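**Q** Following is a predicted model, sequence given first.
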Amino acid sequence: MLSLAIFLPLAAALLLPAVPRRAVPWTWVAVSLAELALVAGMWAAHGTRDGFSFETDVRWIPSVGAGYHVGADGLSLPLLTLTALLFAACAVYSLGQERRGRAFAMAFLFLETVCLGVFAALDLLLFFVFFDLSIVGMYFVILVWGHAGAARSALKFFLYTFLGSLVLLLGFIGLYLGADPHTFDMVELTRDPPLEDAPTAAGLTLLALGIGLGIKTPVVPFHTWLPPAHTDAPAAGSAVLAGVMLKMGGYGLVRIAMPMLPDAWRRYALAVLIVGLVSVLYGALVALAQDDVKRLVAYTSVNHMGYVVLALGAAGYAGGTDAGARLAVTGAVTQMVSHGLITGALFLLCGVLHARAGSYDLRRFGGVARAAPVFAGTLAAAAFASLGLPGLSGFIAEFQIFAGTIGTGAAATAVTGALAVLGIVVTAGLFLRVLHRLLLGGPGELTGRVGDLRRPEAVAIVPLLASSLLIGVLPGPLLDTIGPFSAAVTGWVAR
Amino acid sequence: MNENPADLAPELCLLIAAVLGLVGGMFLPRTGQWRVAAIGAAGAVAGLAAACVAATRPDLAAFGSFAVDPVTHVTRIVVLASVPVVLALAAVPVRGHPRESEHYVLIMLSALGTIMLGGATDLLVVVAAYLLASIPAYALAGLGGDAPGTEAALKYYLLGAFLGVLMLAGVTLLYGVAGRTAYPQLRAGLAAAPDAAVAVGVVALLAGLLFKAGAVPGHFWVPDVTQGAPPAVAAFVTTVPKIGAFAALYRLGAEALPDGAGGWPVLVAVLAAAAMTLGNLAAFGQDNVRRLLAYSTVSQAGYLLVPVAAAGRTGLAEPAVLFYLGAYAATNLGAFAVVLAIGRDDLRGYTGLLRASPVTGLALAVCLLGFVGTPPTAVFAAKVLMFGAAIDGGLGWLAIVAAANTVASVFYYLRWIVPMCRAPDGPFRPARGASIVAAGAAAFSVLLGAGAGVALAV
C-alpha cells in the first residue's frame, strides 16, 4: 500500500502524455487528491502505534546488503501527509496558469514520488536514490519554469545540494562498512549501531552525514544556495522546495544520524546546538534586512529549520531519556510539519504577488489590504503562524522545542535555548514589518496591479493555513503519533 | 595444464567472424559490403552466447596464460555486447566507403585484442594483446582520410608506439628480476626482488596500459582522436579498448604483484586523482561536444582507477571495477550514439533537442546524468561500489577527491543539458538507427542500475 502511494504519482506522470491537453490540470489535481486521501488513510490506520506499518522489504542489490525496504512510522506519516497535502495545494494553485502545463504537471508528479520515497525509505541506498532524484527534479523545475536568472540559481542549487548528497553518500558508505555484517538496511543499523568501538571513524561518518544533511536543511554556513534558488523558482516550486525538500535534512538527522551514531551524536551535540543557534539568529537577522519578500521568507526558513537542529542537538546533549529530550524531539518533528504548511502557504502567496505585479520588492507596494482583502487576510494569518502566535501550529512546535531544550537541565542547553528565544522576537519584528509595509499605509507604485486571490489560489492556500490552525488548536492527534517515535529516538541516543 | 580450445570459444567466434569478413570483403560488391558488418555482429552475438555459457562454469586457466574467471567473463560480455552496437553505429557513415569491410574487420580485431588483454595472466600475452588491440585502432582513426583524421591517427600511433615500447621495457625488467612472466610465479618472484627495480618495472608497464585506458598520463591522444576520427570510431576507441585495459590493470594489481609492491595503491591512487581532476578541468571550457566527451572519458577513467588502486585489499574492488566497466560502456556508447544521430559537434547545435526530439533528447539527458552518477542509472550503482572500495581499501581521501570531482563534472554536463531545455532554433532530423541505439543504451543504463542486484549476483 505504501509502495502504491509512492509510485502512483510517477505512474500518473508517465500516463500524462496520453491525456488530452485540457484535461491535464484536472488529472493532476485528481491524482494529488487521491494521493492525499491514500496517505491520510494510512496515517489513520497506523494510529499511535510504535514501530513501522506497511513495511515492504524486497531484495534489490543483495551482494551489498541493499534492499527495497519501505515503511512508515510516527515520524514518516506526518511528513508523508504533509508532502501529499503540499503537492495537492500546488496542483490546485497551478490550475490554468503555468506555461507548458503538461510538462509542469509531470515534473511535479515525479517530484512527489521521490519526496514520498525519501520519507518512506528504510534503506540507506534507497533513501539516497530518492534524495538525489529530488535534486534533479527540482533543478529542472527551477531551470525551465523559473524567473529571469533561473539558470544561474538552478546551477548553484544543483552543484551545492549535489555536493551535499555525495558527502552524505560517503557517510552512508561509512555506516555500511562499519556494520557487521555489511548492510544498508536502516532498521538493522538502528538495532545494532555500527562503529561503536571506533570513535574516530564514527566522528568522521557523523561529520559527513552532518555536512550532507546540513546543506539540505539548510544550516549556516551551508545555506547560501537557498535564497537564490527560492527567489528564481516558480511559486509552486518554492513551496515544495521549502515545504517538503528542506525537511529531508532534519528528517535524515532524526532518522539516520541520531539512532545510528548515538555515541558520536552525544559527543558532538554541543557543536550541533551551536550550529542550530547560529542558524536561528543569523537567519532571522538576515531576513530582517531583506526588501525582497521571497528572499525574506527564504531566510526565515533558515531560522525555522535552525530550531529543529537546535532541538535535536539538545536531545543529544542531554543524552538521557528524560521528558525534556523527548519533548525537544517531538517539537522538532512538529516544527517540520508546521513549517511545511506555513512556508508553503507563504511562498504561494508570494507567487500571487509576483503573478500580479511582477515584483517581490516590498518598497514598491503599500496599502494592499484595501485592494485585496482576502489576500491580505491570508498573508496576515500565515505571517502570524510563522512567527509562532498561540493557536497556530508554529507556537505548538516552538513551545515544545524551547521547553524541551531548556528543560533538559544542562547549562549549555539552557543558555542556547534562552538565546534562541531571541529569534522569535526578531521574526515577530520582521513579519510585522512586512505586514506594515505591504498591507497598510498609502498605496505604493505597484499596488494598483494587485487583485485579490482567484478561486484556485484561495482553494490551494486556505487549507494549508486551516491545517496549521487545526494543529494549533488540536495538537493531540499529531503529538500522539509522534510521541512513540520520539520516545524511541531518545532511547536510541541514550544507548 | 588445460589446453582445450573450446574454452576460448567466445574469442574464436570473433576471430572467425573477422577472418570471414576479411575474405568475404574481397569478393563482395561495393554495395554489398554491409554484409561484413552483419557477419561481425553475428560472430559477436555467438561469442556473447558462448561467454554467457562459460560464465556459469567454474573458473579455469586456458593454456596457462589466459584466465577464464569473473574478470574475463565480464570483459568478454561487455566487449562482445559493445561490438554489434559499434558496428551498427559505424555501418551508416561508412556505407560505400572504399574501405568499408576493412572498417568492420579492424573493429572486430581490436575488440579481440581487448578481450585478450582482459583475460591475459602472463605479461607476454599482455604485450601481444596490447598490440592486437592497438594497431587496428590506429588504422581505424585514420581511415577517414581527411586532415584531422590523419593527424589524430598519427598522434595516436606515435603515443601508442612510444608507450608500448616503454611497456615492453617494463615487462623485460620485471621478467629480469622475477625470472617469470606468468602471474602466479611472477608474484612469488617479485616478492623477493629489489623494490626499486619492481617499482620502475611497474611504472613502465603501467605506461602502456594507461595509454589503452586513456588515463593520465597516457591520455593525450583521447581528445584529438575523439574529435578528429569519424564519430563511430571515436565511440569505439573511447569505449572498448578501455574495458580490456582496466581488466588488465585490475588483474595486475590483484594477481601479479605482491601486496604493496612498487607502491601500487598509492601510485594508482595518485594517477586516479590526476586523471579525474585533469579530465574534468579540461572539459569545462569545451564547446565541441566530442572534445567534451573525450575529456569526460578521461575523468571516468580516473574513477575507474579508484577500485584498481584498492585491488586485492577489499572484496568490493572486483565488483566495483567490473560493474563500472559495464555501466561505463553503456553510457558512453549511448552518448556517442546521440552525437551520431544529431550529427552536430557544437554545444549550441543541441539547443531545444528535448522538445524537438524528446526520445533522443531524453536519452542524452539520461546518459549525461548517468556520467554524473545520478540514481538510478548504472554508473550510480558503480560509483557507490567505487566509493565503498576506496573507503574499505584505506583510501578515504581518494573517495573525497572523487566526490569533489563528481560535483565539478556536473557543471560541464549541465552545460550540455541546459540548452536542450530551451526552444529549438531549427528543425532536428536525428538519424533513425543511431537514435534507436541511443535510446536502447539509455534504457539499458537505467535497467542495469535498477537491476544492479541481478547483475552483481551473476
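**A** It's in.

**Q** Within range of chain A, give me the residues from the stretch 301-450 of chain B.
**A** Contact residues, the stretch 301-450 of chain B versus chain A (C-beta under 8 Å from any C-beta of the partner chain): B:316, B:319, B:369, B:372, B:374-376, B:380-381, B:384-385, B:387-388, B:391-392, B:396, B:399-400, B:403-404, B:406-407, B:410-411, B:414, B:418, B:421. C-beta here means a position set from N, CA and C on the backbone, and glycine is covered the same way.

**Q** cutoff 6 Å now
**A** On the criterion C-beta under 6 Å from any C-beta of the partner chain, chain A has as its neighbours in the stretch 301-450 of chain B the residues B:374-376, B:387-388, B:391-392, B:399, B:403, B:406-407, B:410, B:421.

**Q** Who wins on neighbours among these?
**A** B:Phe387 (30 neighbours; other C-beta atoms under 10 Å in any protein chain shown).

**Q** pretty sure A:Val70 is in a strand, no?
**A** Yes - the assignment for A:Val70 by DSSP: H, G, I helix; E, B strand; the rest coil puts it in a strand.

**Q** Tally up the residues packed near the spatially closest residue to it that is not a sequence neighbour, please.
**A** Counting by C-beta to C-beta, 6 or more residues apart in numbering or on different chains, A:Val70 lies nearest to A:Ala120, which is 4.4 Å off, once chain neighbours are set aside. By other C-beta under 10 Å, the residues close to A:Ala120 number 29.

**Q** close to chain A, is stretch B:276-286?
**A** No - contact of stretch B:276-286 with chain A (C-beta under 6 Å from any C-beta) is absent, the minimum separation being 12.7 Å.

**Q** So what touches that stretch?
**A** Stretch B:276-286 is contacted from outside by B:Val216, B:Leu292, B:Tyr295, B:Ser296, B:Val298, B:Ser299, B:Gly302, B:Tyr303, B:Asn405, B:Ala408, B:Ser409, B:Tyr412, using C-beta atoms under 6 Å, 6 or more residues apart in numbering or on different chains.

**Q** now swap in stretch A:109-123 and tell me
**A** A:2, A:6, A:9-10, A:12-13, A:66-67, A:69-72, A:76, A:79-80, A:83, A:87, A:127, A:130-131, A:133-134, A:137, A:184-187, A:244, A:248.

**Q** Please indicate which of the residues you listed are buried?
**A** A:2, A:6, A:9-10, A:12-13, A:66-67, A:69-72, A:76, A:79-80, A:83, A:87, A:127, A:130-131, A:133-134, A:137, A:184-187, A:244, A:248 (16 or more other C-beta atoms under 10 Å in any protein chain shown).

**Q** The residues you listed in helices, which ones?
**A** Among the buried ones among the contacts of stretch A:109-123, the members found in helices (DSSP state H) are A:2, A:6, A:9-10, A:12-13, A:76, A:79-80, A:83, A:87, A:127, A:130-131, A:133-134, A:137, A:186-187, A:248.

**Q** just for the stretch 51-200 of chain B, where's the confidence low?
**A** For the stretch 51-200 of chain B, not a single residue meets the criterion pLDDT under 70.

**Q** can you give me the helices for it?
**A** Using DSSP state H, counting those that start in this stretch, the helices of the stretch 51-200 of chain B run over residues B:70-94, B:100-119, B:123-142, B:147-178, B:183-191, B:195-213.

**Q** just these: most buried one?
**A** Of all the helices of the stretch 51-200 of chain B, helix B:100-119 has the most neighbours on average by mean count of other C-beta atoms under 10 Å in any protein chain shown, namely a mean of 27.

**Q** So which elements touch that helix?
**A** helix B:9-27, helix B:34-55, helix B:70-94, helix B:123-142, helix B:231-251 (3 or more C-beta pairs under 6 Å, 6 or more residues apart in numbering or on different chains; DSSP states H and E).

**Q** Flag every buried residue along stretch B:49-66.
**A** In stretch B:49-66, counting by 16+ other C-beta under 10 Å, buried: B:Ala50, B:Ala51, B:Ala54, B:Ala55, B:Ala61, B:Ala62, B:Ser65, B:Phe66.

**Q** Using a markdown table, lay out those residues together with distance to chain A.
**A** Below are the buried residues of stretch B:49-66 laid out as a markdown table (distance: C-beta to the nearest C-beta, whole Å):
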| residue | distance to chain A |
| --- | --- |
| B:Ala50 | 25 |
| B:Ala51 | 21 |
| B:Ala54 | 21 |
| B:Ala55 | 16 |
| B:Ala61 | 25 |
| B:Ala62 | 27 |
| B:Ser65 | 30 |
| B:Phe66 | 26 |
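
**Q** Out of these, the closest to A:Gly394 would be?
**A** Closest approach to A:Gly394 among those (C-beta to C-beta): B:Ala55, at 60.3 Å.

**Q** ok, the nearest residue to the closest one once chain neighbours are set aside to chain A distance?
**A** Counting by C-beta to C-beta, 6+ apart, B:His73 is the residue found nearest to B:Ala55 once chain neighbours are left out, at 4.1 Å. In this view, B:His73 and chain A are 16 Å apart by C-beta to the nearest C-beta, to the nearest Å.

**Q** Of all pairs in the residues of the stretch 301-450 of chain B next to chain A, which one is the farthest apart?
**A** That would be B:Asp392 and B:Cys421, which, of those, are the farthest apart (C-beta to C-beta) at 39.2 Å.

**Q** A:Pro17 and A:Phe365, how far apart?
**A** 40 Å (C-beta to C-beta, to the nearest Å).
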